[in-house]
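Trainee: Take a look and give me a structure for this.
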Amino acid sequence: MVAVAVDSGTSSATLDVSAQDTKKPQDTYILATEAKLGLVAFSHINHTTKNRNLEGTGPSECIECHHTAQPAAEAAKHPPLKTVWPADRTTSLTAAILATDPNAVGAVCRDCHARADAKPKLLPEIPQIKFETGTELVTLTNQQAFHRNCAGCHDEIVKTRRDVTPPTSKKCVACHKKAAK
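Mentor: I've put the predicted structure just below:
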């Protein structure tokens, strides 16, 4: 998994917070504001308070989406992840830590995973990886990173759980909604 971000739909300004800004998470974020398929309303509160982890036994842990918010040794256990922020981080982000330190999240998605035509804030260039099943390098724009993280997690849940039916990578308009005209 990789950090959450979107390219063909950039995130709203509320999500485009740099690593130096302090902000408590919102209940819902409006993402993909420029996507041809439409906006995505992402319920942060549902993912962090309901049984949304892969096993269905509890909330998603912060680092499942915010991979940079853990020590480098922990991130390295989950290839192809490599980056943490700050680089000398010694703790993994949790809701308890965030409650006492709004800066604990560190970098947010677009700090590293920029739009295809932009330079990231924290890195010299957009990260590239090789997918587990291929040999070609893939540039993880915010769209690539977001879809890999969100849809990838949803696809895994569908394979292992029968009690929920999250939208999968094959059901784009389940998340993307065109604004009413």
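Trainee: so how many other residues sit close to Ala87?
Mentor: Look at Ala87: counted by other Cβ atoms under 10 Å, it has 11 neighbours. (Glycine included, C-beta is placed from N, CA and C.)
Trainee: any idea how far it is from Glu74?
Mentor: For Ala87, the distance to Glu74 (Cβ to Cβ, to the nearest Å) stands at 13 Å.
Trainee: Also Val138?
Mentor: Val138 is 23 Å from Glu74, by Cβ to Cβ.
Trainee: For the lowest-mean-pLDDT helix or strand in the chain, which strands pair with it and how are they oriented?
Mentor: Scoring the helices and strands of the chain by mean pLDDT, DSSP states H and E places strand 128-130 at the bottom, with a mean of 87. Strand 128-130 pairs in its sheet with strand 137-139 (antiparallel), by DSSP bridges.
Trainee: I'd like the next helix or strand past the partner strand.
Mentor: Toward the C-terminus, strand 137-139 is succeeded by helix 142-160 as the next helix or strand (DSSP states H and E).
Trainee: Tell me which other helices or strands that following helix touches.
Mentor: helix 109-112 (3 or more Cβ pairs under 8 Å, 6 or more residues apart in numbering; DSSP states H and E).
Trainee: And the strands in the chain?
Mentor: 28-31, 39-43, 128-130, 137-139, 176-177 (DSSP state E).
Trainee: Least confident of these, on average?
Mentor: Among the strands of the chain, strand 128-130 carries the lowest mean pLDDT, a mean of 87.
Trainee: Give me the contacts around that strand.
Mentor: Here strand 128-130 makes contact (Cβ atoms under 8 Å, 6 or more residues apart in numbering) with 2, 80, 136-140.
Trainee: Can you list the low-confidence ranges for this structure?
Mentor: 1-23, 181 (pLDDT under 70).
Trainee: Okay, helices next: where are they in it?
Mentor: 44-49, 62-65, 72-75, 95-100, 109-112, 142-160 (DSSP state H).
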